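J.: have a look; sequence and predicted model below, questions after that.
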Amino acid sequence: MSFRLIIPVVMFVAGASDTSIPVAWPRFAPRTVDDSVTLVTLGTGVPVPDPRAAGPATAVVVGSRVFLFDAGSGVERQLNAAKLPIDGVEAVFFTHLHSDHVLGYPDLIFTSWVFGRRTPLRAFGPPGLKAMTDHLIAAFAEDISVRTTGPERAIPGGYRVNVKEVRSGIVYDSAGVRVRAFMVPHSNWKVALGYRIEARGKSIVISGDTRPSEAISRAAEGADILVHEVYAAAKVEPEKMPGGSDWPRYLASAHTSDVEIGAIAARAKPKMVVLTHIVRLGATDGEMIAAVKSKGYTGKVAVAHDLDRF
């Protein structure tokens, strides 16, 4: 099977007002059963609230099974827009606990419950995820009570989450899908993770947020797709904001430029590089692709946009 870029079309109908609503009620999002392995970039944005780019979230779809990596803002709406089941994520894996990567976590927990989830959501991530989850459940205690004891008759216990805090190694291995975590360097975080997913003879590596790392190079060797965060090296300059003078230094310590990704890819030789979590700084897709290619990488390069499929 080859990976092809497909941009899904979402149809809308106009109601009595000027607000458009999806044709299908979300719980009836179709579930296709096939033998494919598909990468869906649900959200490619950064903390800047850009309406064109939701918070960071990537889905790996194996047949009808959905595995989610990070849950940025708008994640449930993006799952529905991608025609993926909003109540049926098999597991979510967090790369780290920066707010922009987890702002959609309560949405994932509670919206999936409201629309039919009966079994505990399986969540994997670095130390701190269990405490965050417990606090979220506590914060929504009254909502849980009202929904389960009132006329909404929500599924009792359907909001539960089984959390496993991880650092490295095989963290998930079920029915032909294996997920391996590896540690990456990201700013001051003690534990930040990347993941390699293997299923049906295909492999996808997700970098998480990281500066250039040998861990990424090793994980990406021979992969079908390397999904990597990116900033445009040629456009970096101090920002006109509090602390903006340190912006170039921060980027270099916490993230990876398009040029640096090119060097990583030239060594690891994945078949394709997909750029996401994009700090554009005004750069075009073509400029970032050229920067990756400038280091001798000869594979395919794509700059992801929300709801792209590979």
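T.: Structure's in. What do you need? This structure is a prediction, so every number in the text was calculated from the model and none was measured.
J.: hey, let's count contacts and neighbours off CA atoms from now on
T.: Will do.
J.: all strands of the stretch 51-200 of the chain, in order?
T.: 57-62, 65-69, 89-93, 121-125, 161-165, 169-174, 177-184, 192-199 (DSSP state E, counting those that start in this stretch).
J.: residues making contact with stretch 91-111?
T.: 46-47, 55-57, 66-76, 86-87, 121-126, 128-129, 136, 159-161, 189, 191-195, 208-209 (C-alpha atoms under 8 Å, 6 or more residues apart in numbering).
J.: try it again at 7 Å.
T.: 47, 55-56, 67-76, 121-126, 136, 159, 192-194, 208 (C-alpha atoms under 7 Å, 6 or more residues apart in numbering).
J.: and for stretch 52-65?
T.: For stretch 52-65, contacts defined as C-alpha under 7 Å, 6+ apart pick out 31-46, 66-75, 90, 100-101, 277, 306.
J.: cool, stretch 275-290 as well?
T.: With C-alpha under 7 Å, 6+ apart, stretch 275-290 has contacts from 44-46, 56, 227-232, 235-236, 258, 301-304.
J.: report the buried residues of it.
T.: Residues of stretch 275-290 classed as buried by neighbour count (16 or more other C-alpha atoms under 10 Å): 275-280, 288-289.
J.: okay, those in CSV with secondary structure next?
T.: Below are the buried residues of stretch 275-290 laid out as CSV (DSSP: H, G, I helix; E, B strand; the rest coil):
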residue, secondary structure
L275, strand
T276, strand
H277, strand
I278, strand
V279, strand
R280, coil
M288, helix
I289, helix
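J.: of all those residues, which two lie farthest apart?
T.: Maximum pairwise distance in the buried residues of stretch 275-290, criterion C-alpha to C-alpha, is 14.7 Å, between H277 and I289.
J.: one step back: please list only the buried members of the contacts of stretch 275-290.
T.: 44-46, 56, 227-232, 236, 258, 301-304.
J.: quick one, which of the residues you listed has the minimum pLDDT?
T.: pLDDT across those is lowest for V236, at 86.
J.: burial count for the closest residue to that one other than its chain neighbours?
T.: Residue nearest to V236 in three dimensions, not counting chain neighbours: P248, with 6.1 Å by C-alpha to C-alpha, 6 or more residues apart in numbering. Neighbourhood size, P248 [other C-alpha atoms under 10 Å]: 15.
J.: low-confidence ranges in this protein?
T.: 1-34, 239-244 (pLDDT under 70).
J.: tell me how far the most centrally placed residue in it lies from W247.
T.: When C-alpha atoms, centre = their mean is applied to the chain, the residue found nearest the centroid is A57 (2.3 Å). The gap separating A57 from W247 is 24 Å, by C-alpha to C-alpha, to the nearest Å.
J.: what's the answer for L68, then?
T.: In terms of C-alpha to C-alpha, L68 sits 30 Å off from W247.
J.: now do G158
T.: Distance of G158 to W247, computed by C-alpha to C-alpha: 43 Å.
J.: of the two, which one has the most company?
T.: G158 (21 against 17).
J.: would you confirm that the more buried one contacts V114?
T.: No. In this structure, G158 is not within contact of V114 by C-alpha atoms under 7 Å, at 8.2 Å.
J.: select only the buried ones of the contacts of stretch 91-111 in ChimeraX?
T.: Entered in ChimeraX, the line below selects the buried ones among those, by 16+ other C-alpha under 10 Å:
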select :47,55,56,67,68,69,70,71,72,73,74,75,76,121,123,124,125,126,159,192,193,194,208
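J.: quick one: contacts for G299?
T.: Applying C-alpha under 7 Å, 6+ apart, the residues near G299 are 271-272.
J.: typo on my end, A252
T.: Neighbour list for A252: R211 [criterion: C-alpha under 7 Å, 6+ apart].
J.: got the phi and psi for it?
T.: Per-residue torsions, A252: phi -70, psi -30 (degrees, to the nearest 10).
J.: E214 - how many residues pack around it?
T.: By other C-alpha under 10 Å, 13 other residues sit near E214.
J.: ignore what I typed, I meant E237.
T.: 14.
J.: is it in a helix, a strand, or coil?
T.: When classified by three-state DSSP, E237 comes out as coil.
J.: where does the spatially closest residue to it that is not a sequence neighbour sit: helix, strand or coil?
T.: Nearest residue to E237, sequence neighbours excluded (C-alpha to C-alpha, 6+ apart): P248, at 6.1 Å. Three-state call for P248 (three-state DSSP): helix.
J.: residues in contact with P248?
T.: Contacts of P248 by C-alpha under 7 Å, 6+ apart are 236-238.
J.: thank you, goodbye.
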